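In: next comes the sequence, and after it the predicted model I'd like to discuss.
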Amino acid sequence: MKINLPFLFLLISVNFCFSQLKVASGGLLYISGTQNLYTNESIFNDGNITLGTGKLYVGGDVHNNNSVTLSNGTVTLTGANTQTFDFAVEDIVKRVELDKSAGTATFNSGTLVITDGLLSLQGSIDGGGKLIMRSTSTKTAIVEQSSGGVVDNIVVERYIPAKRAYRFLSSPVTTSTSIKSNWQENQNNTATAYANNSNTAPGYGTHITGSTTGANGFDATQTGAASLFQFNNVTQTWSAISNTNTNVLNFGNPYRLMIRGSRSVNLTNNAATPSPTTLRTKGTLKIGTFTNTNLSNVINGYNFVGNPYQSPIDMLGVLTTSSNLNPNFYYVWDPKVGGTNGRGAYVTYTFSGNTNNVSGSAVNQYLQPMQSCFVKTLANGAASITFNESNKYTVATNENIYKSTNSITNNSSLRLTLYEASAFNQQQTPADGVLLYFDDSFNNSVDSLDAEKMTNLDENIALLVETSKLSIANFQFPQNTTVYPLNIDQYRYTNYNLVAQLDNYSGLTPYLHDTYLQVYTEINPSANYSFTVDATIAASTSNNRFEIVYSNPNLNNTYFTSESVSLYPNPSKSNDFNLQLPSASGEYKVTIYNALGQLVDTITSQISTNTLNCKVAATAATGIYQVVITRDNSTIVKKWIKE
């Protein structure tokens, strides 16, 4: 049946089938609610077609010369014939289903933008660069669990938030064109001056550097420093990619790319304000099982692997069904970690604890579209990783490093989080973190449940066990003689906060021990210890300055305890306070730090009464201060509030 709709409004509220459908200029066709419309032959639209939440089955061509509204519904491509689609400049559809028994559906002109999902069952699509899977700050279109079909020349997008940082990327398509044609929007700078910057598609693409002249497809910079790298899983080494004008992208291939922002960023200024951007990649989607055997054959070897799908994937399912890979954890580079000025950090996610080691990081068990990660070889011997369609996670998108969420663990644990002081005070992300789990079923020696620490570009905190640095460690419940040495290095600033948090814990009380200042801070159930490092004092910046202990020697000193010392008036409106002390003789040292961990004043006094008056430097402003009181190598800490 052929239907021609001239100047009229037609409401279809039941399933309807046409052999050919034509909506004339001025005509309106509305398919209400969840109802479906079937067309066995072509659709000619010179009017307006609106689809509800149902499906538009297309068995022929589509020629849209006016307006189609498909943003709430699904377009299903059916039939056994060759199809040609002509859309407007940017028509929007919620979902597309490919279910053709034969023939190819070719997108010829205009664009059709998919906002939510693509399902491929059978048949072929040639997207012609005009079928686009959209990615925004809130949602990325995904390819659902599919059973067959071929989708060529489709454009997939990946929205990247504004921050100058490395990203670990992969491609969900295999391209026939170069990296430059895709991630650089087919352009590169051949001169370093910003006046020569090429940015033909504002809001899309990024600079990829590696040359001073723009050779080999790179964007020219004064240093020629590389920004795109690959990792050799066999040799365990990074290497810069040789060119972007010849090398293509293959689905599942992982990359490390420094993204400064969109191509509007000034490459001559490292402090230039970053901008959000969207990377576009055109090629053939990966549908079906994908296996990568190019992995390390050595125990504990690191393997850089990419998500081959345009969909989030459950890494627990992937690792469980893969061969000779550690199924207990994996590593993600989180560019948001480290505060505003940080360059990101490695975050370890543990499947048994359903959380990660860095407080505030959104890394979870789902690797996102166009994201890559590290996994570890379990034992000596051949290893492989296999991704299956059943591993796709289609409940939500833009999680992990693209959205601020975090998992919560119910296990008995101790979390230690390192902040640069200003990042802590401004409630920004931490520099790094380490996570300890406790259960008597665990082994105190390093085993496959323990995750080794991957070294960050900036600050690192790790737990030192035997000769291994760990980001997540599992132990039996501690004894009063237990000591967990911490390793902190690569300080960039002077002032830091080390925050400790117990969760579902009922064992012995832990203390954070500062071996430089000989300060013991009780963690019950939390503690926030501010400290300062001085590059001229080795003990201050020592990697092993801090440790977790379960016995506080200060508590053995019955006359000098926190309970035996009082500080008054508190709060105080003046720059002085009094300390009521347990002994009227001896030398006391009082050190005052502000909330940033900065040293405000030091008072040393030989007293002859039980009261010590402390006059603090006039620079002490309104705020909260940490008062460290030391006598005979014993130290207690009090809080003083200056109003």
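Out: Looks like it arrived, so ask away.
In: buried ones in stretch 448-457, by neighbour count?
Out: By neighbour count on 16 or more other Cβ atoms under 10 Å, the buried set for stretch 448-457 is 448, 449, 450, 451, 452, 453, 454, 456, 457. Using the backbone N, CA and C atoms, a C-beta is placed for each residue, glycine as well.
In: contact partners for the fourth one?
Out: Contacts here follow Cβ atoms under 8 Å, 6 or more residues apart in numbering; on that basis residue 451 touches 328, 329, 331, 348, 350, 357, 470, 471, 472, 473.
In: out of those residues, the closest to residue 227 would be?
Out: Distance to residue 227 across those (Cβ to Cβ) is lowest for residue 331, with 21.0 Å.
In: where does that closest one sit: helix, strand or coil?
Out: At residue 331 the chain is in strand, as set by DSSP: H, G, I helix; E, B strand; the rest coil.
In: that one and residue 452: what is the separation?
Out: According to Cβ to Cβ, to the nearest Å, residue 331 stands 9 Å off from residue 452.
In: about what we covered before: max pairwise distance over the contacts of residue 451: which two?
Out: 331 and 473, at 15.0 Å, using Cβ to Cβ across the contacts of residue 451.
In: neighbour count winner among these two?
Out: More neighbours surround residue 473 than the other of residue 331 and residue 473, with 27 against 24 (other Cβ atoms under 10 Å).
In: residue contacts, the more buried one?
Out: Contacts for residue 473 (Cβ under 8 Å, 6+ apart) come out as 434, 435, 436, 437, 450, 451, 463, 465, 484.
In: what's the longest helix that the chain contains packed up against?
Out: Ordering each helix of the chain by length in residues (DSSP state H) puts helix 315-321 first. Secondary-structure packing of helix 315-321 (3 or more Cβ pairs under 8 Å, 6 or more residues apart in numbering; DSSP states H and E): strand 372-376, strand 385-387.
In: list the strands paired with whatever helix or strand comes next after the last one, with their directions.
Out: Think strand 385-387. Per DSSP states H and E, the first helix or strand lying C-terminal to strand 385-387 is strand 413-420. Sheet pairing of strand 413-420 (DSSP bridges) gives strand 432-438 (antiparallel), strand 495-503 (antiparallel).
In: pull the distance from strand 413-420 to the chain's centre.
Out: Relative to the centre of its chain, strand 413-420 is centred 18 Å away, using Cα atoms, centre = their mean, to the nearest Å.
In: sketch out the low-pLDDT regions of the stretch 51-200 of the chain for me.
Out: For the stretch 51-200 of the chain, no stretch is flagged by pLDDT under 70.
In: and the strand ranked longest in the chain, what's buried?
Out: When the chain is parsed with DSSP state E, its longest strand is strand 91-109. For strand 91-109, the neighbour count (16+ other Cβ under 10 Å) marks 91-100, 104-107 as buried.
In: which among the strands paired with strand 413-420 is found nearest to residue 185?
Out: strand 432-438 (34.7 Å).
In: and the next helix or strand past that closest one?
Out: Next in sequence after strand 432-438, counting helices and strands by DSSP H and E, comes strand 451-452.
In: that following strand - what's its average pLDDT?
Out: For strand 451-452, mean pLDDT is 97.
In: what's the answer for stretch 276-289, then?
Out: For stretch 276-289, the mean pLDDT works out to 98.
In: just the C-alphas of that stretch, formatted as PDB.
Out: Extracted C-alpha coordinates of stretch 276-289, given in PDB (Å, rounded to 0.1, in the frame of the first residue of the first chain):
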ATOM      1  CA  PRO A 276      36.700  20.400  26.800                       C
ATOM      2  CA  THR A 277      36.900  18.600  23.500                       C
ATOM      3  CA  THR A 278      35.400  15.700  21.600                       C
ATOM      4  CA  LEU A 279      37.500  13.200  19.700                       C
ATOM      5  CA  ARG A 280      36.000  11.700  16.600                       C
ATOM      6  CA  THR A 281      37.000   8.400  15.100                       C
ATOM      7  CA  LYS A 282      35.500   7.000  11.800                       C
ATOM      8  CA  GLY A 283      35.800   3.300  10.900                       C
ATOM      9  CA  THR A 284      34.400  -0.200  11.300                       C
ATOM     10  CA  LEU A 285      32.900  -1.100  14.700                       C
ATOM     11  CA  LYS A 286      34.100  -4.200  16.600                       C
ATOM     12  CA  ILE A 287      31.200  -6.500  17.000                       C
ATOM     13  CA  GLY A 288      31.700 -10.000  18.500                       C
ATOM     14  CA  THR A 289      34.500 -11.600  20.500                       C
END
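In: and that stretch, which residues are buried?
Out: Neighbour-count burial for stretch 276-289 flags 277, 278, 279, 280, 281, 282, 283, 284, 285, 286, 287 (criterion: 16+ other Cβ under 10 Å).
In: what packs against the helix or strand that contains the fourth one?
Out: Spelled out, that is residue 280. Using DSSP H and E, residue 280 sits within strand 277-285. Strand 277-285 sits against strand 150-152, strand 154-160, strand 173-174, helix 179-183, with contacts defined as 3+ Cβ pairs under 8 Å, 6+ apart.
In: quick revisit: could you export the buried residues of strand 91-109 as JSON lines, including distance to residue 365?
Out: What follows is those, written out as JSON lines (distance: Cβ to Cβ, whole Å):
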{"residue": "91", "distance to residue 365": "36"}
{"residue": "92", "distance to residue 365": "31"}
{"residue": "93", "distance to residue 365": "30"}
{"residue": "94", "distance to residue 365": "27"}
{"residue": "95", "distance to residue 365": "25"}
{"residue": "96", "distance to residue 365": "28"}
{"residue": "97", "distance to residue 365": "28"}
{"residue": "98", "distance to residue 365": "29"}
{"residue": "99", "distance to residue 365": "31"}
{"residue": "100", "distance to residue 365": "35"}
{"residue": "104", "distance to residue 365": "37"}
{"residue": "105", "distance to residue 365": "35"}
{"residue": "106", "distance to residue 365": "38"}
{"residue": "107", "distance to residue 365": "35"}
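In: list the contacts of the residue lying closest to residue 267 once chain neighbours are set aside.
Out: Distances taken as Cβ to Cβ, 6 or more residues apart in numbering place residue 221 nearest to residue 267, at 5.3 Å, with adjacent residues excluded. Shown in contact with residue 221 (Cβ under 8 Å, 6+ apart): 192, 209, 211, 212, 267, 268.
In: so who does residue 338 touch?
Out: So residue 338 contacts 344, 345, 420, 423, 429, 430, 431, 432, 456, 458, 459 (Cβ under 8 Å, 6+ apart).
In: is it possible to export the residues you listed to TSV including secondary structure, distance to residue 571 and pLDDT?
Out: Below are the contacts of residue 338 laid out as TSV (DSSP: H, G, I helix; E, B strand; the rest coil; distance: Cβ to Cβ, whole Å; pLDDT from 0 to 100):
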residue	secondary structure	distance to residue 571	pLDDT
344	coil	40	93
345	strand	38	96
420	strand	28	95
423	helix	27	93
429	coil	31	93
430	coil	29	96
431	coil	31	96
432	strand	34	97
456	coil	39	96
458	coil	37	95
459	coil	33	96
